[in-house]
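K.L.:
For reference, the sequence and a predicted model appear below.
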Amino acid sequence: MRRFWIAACAVMPLVPGLALAQNNDAPPPGAMQGPAGGPMSGPWHGPGDNGPGGKRAQDPAAFVMKFYAANTTHDGHLTLAQARAGGLRSIADHFSDIDVKQRGYVTLYDIEAWHLDDVAKRMEARAARLRAKD
């Protein structure tokens, strides 16, 4: 019994270090974070999707990884050529709408802002259709 307690007392100080050493599958440095510091939330859409407007929801973490894979310069700025080469068809198709400052590149924040704007426009249009039925 004494050996158990000695071993337990020797191992207990190591437990917090083991918890900190776990891999939390955090996004790459500089990845977009949500308001609580977690990964960005919300539906992201990819090419050839089958949801509202012909789109299906895509995992935000998967989109962030695609963004960073397409961003070959690793500067957080995605150009139109990089979007096309990386297979981000929806970003390439709407590049001029997303790049409102006309800088020649977009960031994850630009894409999220465009996406939220697009969602708001669709919701307003739906609200107008519902009001017209009333």
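P.N.:
Alright, I've got the coordinates.

K.L.:
Would you mark the buried spots in the longest helix that the chain contains?
P.N.:
Ordering each helix of the chain by length in residues (DSSP state H) puts helix 108-133 first. Residues 108, 110-112, 114-115, 118 are the ones in helix 108-133 that count as buried (16 or more other C-beta atoms under 10 Å). (C-beta placed from N, C-alpha, C; glycine too.)

K.L.:
just stretch 90-106 next, same as before
P.N.:
Applying 16+ other C-beta under 10 Å to stretch 90-106 flags 90-92, 94-95, 98-99, 105-106 as buried.

K.L.:
Any regions of this structure where pLDDT drops low?
P.N.:
Where the chain drops to pLDDT under 70, the residues are 1-58.

K.L.:
rerun at 80
P.N.:
Confidence mapping of the chain against pLDDT under 80 gives the ranges 1-58, 134.

K.L.:
Could I get the full set of strands for it?
P.N.:
44-45, 57-58 (DSSP state E).

K.L.:
Tell me which two in the buried residues of stretch 90-106 are the farthest apart.
P.N.:
S90 and Y105 (16.5 Å; C-beta to C-beta).

K.L.:
rewinding a little: could the buried residues of stretch 90-106 be laid out in CSV, adding distance to L80?
P.N.:
Shown next, in CSV, are those (distance: C-beta to C-beta, whole Å):
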residue, distance to L80
S90, 13
I91, 9
A92, 6
H94, 11
F95, 5
I98, 10
D99, 8
Y105, 8
V106, 9
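
K.L.:
returning to what we had before: packing partners of the longest helix of the chain?
P.N.:
helix 60-70, helix 95-98 (3 or more C-beta pairs under 8 Å, 6 or more residues apart in numbering; DSSP states H and E).

K.L.:
now the first one and helix 108-133, what's the angle there?
P.N.:
In this case it means helix 60-70. Relative orientation of helix 60-70 versus helix 108-133 (axes from the mean of the first three to the mean of the last three C-alpha atoms, to 10 degrees): 130 degrees.
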